[in-house]
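1. how would this look folded up:
(one chain, ligands or ions: 1)
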Amino acid sequence: MDELQKAAKIAFASEFSFYLKAHQFHWNVEGMFFKQLHDLFGDIYKEVFDSVDIFAEQIRALDSYMPGSYTRFSMLSQIDDETQILDSKQMVIELLNDSEKMIKILKMVFDLSEATGKHGFSDFIAGRMDAHSKHSWMLRATLK
Ligand SMILES: [Fe+2]
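-> The predicted structure is shown next:
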């Protein structure tokens, strides 16, 4: 159970970092496809942001306290910060790679959750994997 809580907090901090990066890209994107990419990054950050409160409360229901500071997030997150202003194509590539990474991180949580019989939590995590699959599809299609 401790292992599940720890993995869930890593996934949560990674998800929050992913959200912040998508929002940063929404703010800073430039170029010929500004409007489309501003909107795509906007759709993605909003979807992820809308999920984090439920995610946190699901982890609280596992009887674990929630990290909620930049210091703790940077200790836990497996999604690297982006401090540079990237060109628009690099933004899409990086967010696609991070979305794929999120699916792998979430799959580890899903397997631990199933192994401990927390099927309700597994269901929530499966939903996050589906959401990231959709984000990955849209980002991948943008690159073609
Ligand atoms: Fe906005």
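2. Now do the strands in the chain.
-> Applying DSSP state E to the chain gives no strands.
3. how close does the residue of it most remote from its centre get to residue 91?
-> The outermost residue of the chain, judged against the average C-alpha position, is residue 32 (26.9 Å), by C-alpha atoms, centre = their mean. Distance of residue 32 to residue 91, computed by C-beta to C-beta, to the nearest Å: 14 Å. No exception for glycine: its C-beta is placed from N, CA and C like everyone else's.
4. Do you have the helices of this structure handy? List them.
-> Applying DSSP state H to the chain gives helices spanning 2-28, 34-60, 70-76, 88-115, 119-143.
5. Of all these, which one is nearest residue 82?
-> Nearest to residue 82, of all the helices of the chain, is helix 2-28, at 5.4 Å by C-beta to C-beta.
6. The closest one vs helix 88-115, what angle?
-> Helix 2-28 and helix 88-115 meet at an angle of 160 degrees, taking axes from the mean of the first three to the mean of the last three C-alpha atoms, to 10 degrees as the criterion.
7. quick one: helix 2-28 to chain centroid distance?
-> With C-alpha atoms, centre = their mean, to the nearest Å as the basis, helix 2-28 stands 5 Å off its chain's centre.
8. Now it: buried residues?
-> 4-5, 7-26 (16 or more other C-beta atoms under 10 Å).
9. Please name every helix or strand in contact with that helix.
-> helix 34-60, helix 70-76, helix 88-115, helix 119-143 (3 or more C-beta pairs under 8 Å, 6 or more residues apart in numbering; DSSP states H and E).
10. Let me know the average pLDDT across it.
-> Taken as a whole, helix 2-28 has a mean pLDDT of 98.
11. Repeat that for stretch 74-92.
-> Per-residue scores along stretch 74-92 average to 97.
12. how far does that stretch stretch from start to finish?
-> End-to-end distance of stretch 74-92 (C-alpha to C-alpha, to the nearest Å): 22 Å.
13. rewinding a little: which phi and psi does the residue farthest from the centre of the chain have?
-> As for residue 32, its main-chain torsions (degrees, to the nearest 10) stand at phi -60, psi -30.
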